[in-house]
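Enquirer: kindly generate the corresponding structure for this input.
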Amino acid sequence: MAVKIQLNRVRNIGIMAHIDAGKTTATERILFYSGRSHKMGEVHNGQAIMDWMEQEQERGITITSAVTTLDWNGYEIHLIDTPGHVDFTIEVERSLRILDGCIALFCAVGGVEPQSETVWHQADKYRVPRIAFINKMDRIGADFFATLQMMRDKLATHPIPVQLPLGAEENFSGVIDLIQMKTIIWDDTTLGSEWCYGEIPDNRLAEAREHRDKIIEFAAERNDAIMEKYLAGDDIPERDIRAALRTACLALEAVPVLCGSALKNKGIQPLLNAVIDFLPSPLDVPPIIGRDLKTGKEIQLRCDSSDFFSALAFKIAMDEGRKLIYIRIYSGNLEVGQEVFNAVKGEKEKIARIFKMHANKKERVASARAGEIVAVMGLKKTTTGDTLCDEDKPLLLESIEFYKPVISMAVEPKTIGEQEKLTFALEKIAEEDPTFQFRFDNDSGQTIISGMGELHLEIIADKISRDYRVPIKTGRPQVVHRETIISAIVNEGMFDREINEVRQSGHVVLKLEPLPRGEGNTFAVAIEQGKIPETFYPAIEKSFYESTLAGSLSGYPLVDIKTTLIDGSYDETSSTETGYSIATTIAVREGVEKAKPVLLEPIMEVEIVAPEDFMGDIIADLNSRKGKIGMIQNKAKTRIINAHVSLVNMFGYSTSLRSSSQGRATFTMKFLQFGRAGEIV
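Expert: Residues are numbered from 1 along each chain as shown. Predicted coordinates:
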């Protein structure tokens, strides 16, 4: 039986970045140099270990987050490789929710790109400490210092380079380690497995000393012992510098920055050392906050195996038809055969098997403990975001925020007899992916699937036919709309009827008014006390929110509406919850029709990176799509165009952009907000 490593020697980390920054390539090198794999998998030839899905290998992109465990210098590292494409951003979200630390990868040419910003802000939300790795230093146009400046400007963070590149572009040969004040140069004949330390060249020595002084000044400001040595002119030991940087990194005050080229096998071993030096163990992170279901009070859970059991299910995967559930254990121990309590579903379930994962390969283990990330089987009712705990200590952990689908597509089986199999496949896919939804449209008789983008729906359609063997036909993707109002209105709702020989009545007066885009729906009470007993307020509020599920124009959900209960009446002989609920529904529906309802459509934020030669054609194409062009930035011989475009006008854009730029331009698109149809903000 394997010996358990002490928790202070465990790291739960992820790799996050914009698409094509080199996350999976870096992960493959990490696996190779740590001895976890014996062959470097390459993304471009479809052999990356962590991109194990057929769809990932064919497209050369990461679609699903993959978990692995590896050893490095006596430390156990649980590593998650996350997707970079915006359509699969939920994979990043749910990974960051349970990780202790993260490596943020940046392309030395592209710098801080749109999805880099998105994942960075996701990490900010969960207060995840980060180190940065500026990759692709061997590429033409690589600029280490420009990327550092973009991190300051776009991410509002404090990057502290602990390395400098030695050479750039085709002359990139290694790095200058600013803590050891040595160069590190890798041996190409051993695929980067061997390296040597050397002296810093004379022409780079002054620059290296300047940057090292900045590190020491930063450390001295936060550590009195270092300040004393610094003022006295004494040498600062390397361990003290690392300890000070670690403290700042854990407090989110700084981001240590390294560099290299994963594809050329340079920079990976120091990156792993930096994971150990600067990123937290499960013991270093603040206690996780939970809510005790018995008392309703908040409780703090420290990473302690001797405490009661608590864990969060953060990912569901189907493994040969069976549910494989990835969990992060926050406290206590877990053993095969143990009964756990799902606090969200209120159900007891039994752990049948526990696995340590290596991409899609499973290693069975008998137990797991606080601080570990494992996969389990046997939990039939558990879904993403559920809390698992001991039944006698029921608690709820903060769940995971899911994104709403913005695009829909009709699917139907090629043969009528396959409808049941199609529904089964969709149910299984929806269990795996919380950003995917489906429904049956009674009017058209079609099944409508909804997701985060064209690629997302394309992958799902491929999974239906390939993994579940259901041949399907697909319709053109349709945009998911919303409805809202543009004027304020006061409307009365009255209901008075006998139902099942019992008189039910209710009377409310509501004020409906529009809110700014993205504010959501809110309910307020401003009625004179005593006119309606407070016990009926929850029923009125619930009825308001239920009434917003379908608008009067096309049946889309109503958003950005504030409703205030301003008047009403009460009859002690007949007023009931049912009466007030129906009166509220009448007041809202009639009020919305009077308040000038309008249709809202998804507005996307688009960023295009293109050579300057093709700017005219690209801008003309955006104008034809009724896009609103914002800022155009110059970067060497490329241009970065930012624009807001309606999603309905972006269908087929990737093909159009390829043809107008001879395949040399790229674009990313993310949801900005719902805007009034025909009006771009």
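Enquirer: closest to the centroid, which residue in the chain?
Expert: Centroid-nearest residue in the chain, with C-alpha atoms, centre = their mean: Glu93, separated by 2.3 Å.
Enquirer: per-residue confidence for the closest residue to it other than its chain neighbours?
Expert: Of all residues not flanking Glu93 in the chain, Gln122 sits nearest, at 5.7 Å (C-beta to C-beta, 6 or more residues apart in numbering). For the C-beta atoms, the positions are set from N, CA and C on the backbone; glycine is no exception. Here, the pLDDT recorded for Gln122 equals 81.
Enquirer: give me the element Gln122 is part of.
Expert: In this structure, Gln122 sits in helix 114-125 according to DSSP states H and E.
Enquirer: on that earlier part again, am I right that the residue nearest to the centre of the chain is in a helix?
Expert: Yes. Under DSSP: H, G, I helix; E, B strand; the rest coil, Glu93 sits within a helix.
Enquirer: what pairs with the following helix or strand past the helix holding Gln122, parallel or antiparallel?
Expert: Downstream of helix 114-125, the next assigned helix or strand under DSSP H and E is strand 130-135. Next to strand 130-135 in the sheet, as set by DSSP bridges, lie strand 101-107 (parallel), strand 255-259 (parallel).
Enquirer: mind telling me which of these the model trusts least?
Expert: strand 101-107 - the lowest mean pLDDT of the strands paired with strand 130-135, at a mean of 93.
Enquirer: let me see the ranges of the strands in the stretch 151-300 of the chain.
Expert: Taking DSSP state E, counting those that start in this stretch as the test, the strands found in the stretch 151-300 of the chain are 159-161, 163-166, 174-177, 182-186, 195-198, 255-259, 288-292, 298-301.
Enquirer: any chance of TSV for the ones you listed, columns distance to Glu363 and mean neighbour count?
Expert: Output for these, formatted as TSV (distance: least, C-beta to C-beta, whole Å; neighbours: other C-beta atoms under 10 Å):
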stretch	distance to Glu363	mean neighbour count
strand 159-161	37	22
strand 163-166	34	24
strand 174-177	34	24
strand 182-186	31	20
strand 195-198	30	14
strand 255-259	30	25
strand 288-292	26	17
strand 298-301	27	13
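Enquirer: out of those strands, nearest to Asn265?
Expert: For the strands of the stretch 151-300 of the chain, proximity to Asn265 was assessed by C-beta to C-beta; strand 182-186 is nearest, at 6.2 Å.
Enquirer: wait, the residue nearest to Glu93 sits on Ile90?
Expert: No. Counting by C-beta atoms under 8 Å, Gln122 sits too far from Ile90 to count as a contact (10.1 Å).
Enquirer: tell me which element Ile30 falls in.
Expert: helix 23-33.
Enquirer: to clarify, my last question referred to Met615.
Expert: Assessed by DSSP H and E, Met615 sits inside helix 615-624.
Enquirer: mind listing what's buried along that helix?
Expert: Neighbour-count burial for helix 615-624 flags 615, 617-619, 621-622 (criterion: 16 or more other C-beta atoms under 10 Å).
Enquirer: ok, stretch 429-446 next?
Expert: Across stretch 429-446, burial judged by 16+ other C-beta under 10 Å covers 429-438, 446.
Enquirer: ok so, going back, which of the buried residues of helix 615-624 lies closest to Pro533?
Expert: So of the buried residues of helix 615-624, ranked by how close each gets to Pro533 (C-beta to C-beta), first place is Leu622, at 56.9 Å.
Enquirer: where's the spatially closest residue to that closest one that is not a sequence neighbour relative to Arg469, distance?
Expert: Among residues not flanking Leu622 along the chain, Ala643 sits closest, at 5.4 Å (C-beta to C-beta, 6+ apart). According to C-beta to C-beta, to the nearest Å, Ala643 stands 41 Å off from Arg469.
Enquirer: one more: Ser654?
Expert: Counting by C-beta to C-beta, the gap from Ser654 to Arg469 is 28 Å.
Enquirer: quick one, which of these two is more surrounded?
Expert: Ser654 (15 against 10; other C-beta atoms under 10 Å).
Enquirer: if you count contacts, what does the one helix or strand that one maps to end up packed against?
Expert: Assigned by DSSP H and E, Ser654 belongs to helix 653-660. Here helix 653-660 touches helix 615-624, strand 666-676, going by 3 or more C-beta pairs under 8 Å, 6 or more residues apart in numbering; DSSP states H and E.
Enquirer: ok now stretch 324-338, how far from the chain's centre?
Expert: How far stretch 324-338 lies from its chain's middle: 23 Å, per C-alpha atoms, centre = their mean, to the nearest Å.
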